[in-house]
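Trainee: the amino acid sequence is not available; the structure is as follows:
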């Protein structure tokens with residue numbers, strides 16, 4: 001019996017996500033390694049990348065468990081909020097002569 005809220009798992013999209021995460025991790029790992037006096041020095045940027053890869057994996061599966069009827073309800077409000085934020089960013093003070101960030105008490109998005 002198939003439930004009305006179940007969806008087929010999109011393996012192509014998942015494999016593309018894995019490939020993108022792997023390429024991003026390799027890029028961060030290779031960029032955080034320095035060769036000094038014949039030895040290698042590594043910084044810990046790749047651990048932060050691994051944390052966010054793991055976090056995005058969890059968020060992806062949580063969102064997959066939400067029924068599409070619930071997601072359909074939030075499509076238009078999320079679209080309106082995104083449009084508002086896109087316009088709102090132009091009214092924030094520029095940082096390095098660019099209006100790209102929304103700042104609030106030391107925290108920037």
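Mentor: Received it, and whenever you're ready, just let me know what you need. Please read these numbers as outputs of a predicted model, since none were measured by experiment.
Trainee: where does this structure dip in pLDDT?
Mentor: Residue ranges of the chain with pLDDT under 70: 1-7, 104-109.
Trainee: could you pull out the strands for this protein?
Mentor: 33-36, 39-42, 103-104, 107-108 (DSSP state E).
Trainee: check which residues of the first one are buried.
Mentor: Of the residues in strand 33-36, none has enough neighbours to count as buried (16 or more other CB atoms under 10 Å). Where C-beta positions appear, they are placed from N, C-alpha and C, glycine not excepted.
Trainee: pull the distance from it to the chain's centre.
Mentor: 28 Å (CA atoms, centre = their mean, to the nearest Å).
Trainee: what of stretch 48-65?
Mentor: Between the centre of stretch 48-65 and the centre of its chain there are 9 Å (CA atoms, centre = their mean).
Trainee: and residue 30, how many neighbours?
Mentor: The number of residues packed around residue 30, counting by other CB atoms under 10 Å, is 9.
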